[in-house]
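>>> Build me a structure from this.
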Amino acid sequence: MNVIDTSCWIEYLMDSSIGNIIAPVVENPNELIVPTITLYEMYKKLTTEKNEDYAMKIITYMCSGKIVALDSDLSIMAAQISRKNKLPMADSIIYATAKHYSAILWTTDKHFKDIPDVQYFPKTSS
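As a prediction, this is how the structure comes out:
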């Protein structure tokens, strides 16, 4: 199973070199776990930078994976992860979701650089 962080969704949509590496993962929705906070982040970014129709097209595709809402157990787990790894709230929720489902987290977010079960890609450009 795989969790794609917002940063890697964006790389995929930009057809970047990182996006090309993760394409087989993104394009296998049967193996995708999608935290609802990632839907929030993607919708917000895409409606700001593109438009609502484009955003909804991407959100619809993301929803072909397993959508995971934040519940009380994930909230507590995320808070523990945040404290231990000094991660921001959204990142800790995304990582807690990946851990809960024994999934690999795919990201370009440097907060995750040395955290287990993360496939981290350093960004080569802004």
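>>> ok now do Pro122, which residues does it touch?
With contacts defined as CB atoms under 8 Å, 6 or more residues apart in numbering, Pro122 is in contact with Thr108, Lys110, Lys113. Glycine gets a C-beta too; all of them are placed from N, C-alpha and C.
>>> Give me the below-cutoff pLDDT ranges for this protein.
For the chain, residues meeting the criterion pLDDT under 70 lie at 125-126.
>>> and which of the contacts of Pro122 is nearest Lys45?
Proximity of these to Lys45 (CB to CB) peaks at Thr108, which lies at 13.9 Å.
>>> Is the closest one in contact with Lys123, as I believe?
Yes. Between Thr108 and Lys123 there is a contact at 4.9 Å, judged by CB atoms under 8 Å.
>>> any common contacting residues for those two?
Common neighbours of Thr108 and Lys123 (CB under 8 Å, 6+ apart) are Ser7, Ile18.
>>> neighbour count winner among the two?
Thr108 (21 against 12; other CB atoms under 10 Å).
>>> can you give me phi and psi for that one?
The phi and psi values for Thr108, taken as degrees, to the nearest 10, are phi -110, psi 10.
>>> quick one: contacts for it?
Counting by CB under 8 Å, 6+ apart, Thr108 has contacts Asp5, Ser7, Cys8, Glu11, Ile18, Tyr120, Phe121, Pro122, Lys123.
>>> at 10 Å instead, please
Counting by CB atoms under 10 Å, 6 or more residues apart in numbering, Thr108 makes contact with 5-8, 10-11, 16, 18-19, 22, 119-124.
>>> where's it relative to Ser16, distance?
According to CB to CB, to the nearest Å, Thr108 and Ser16 sit 9 Å apart.
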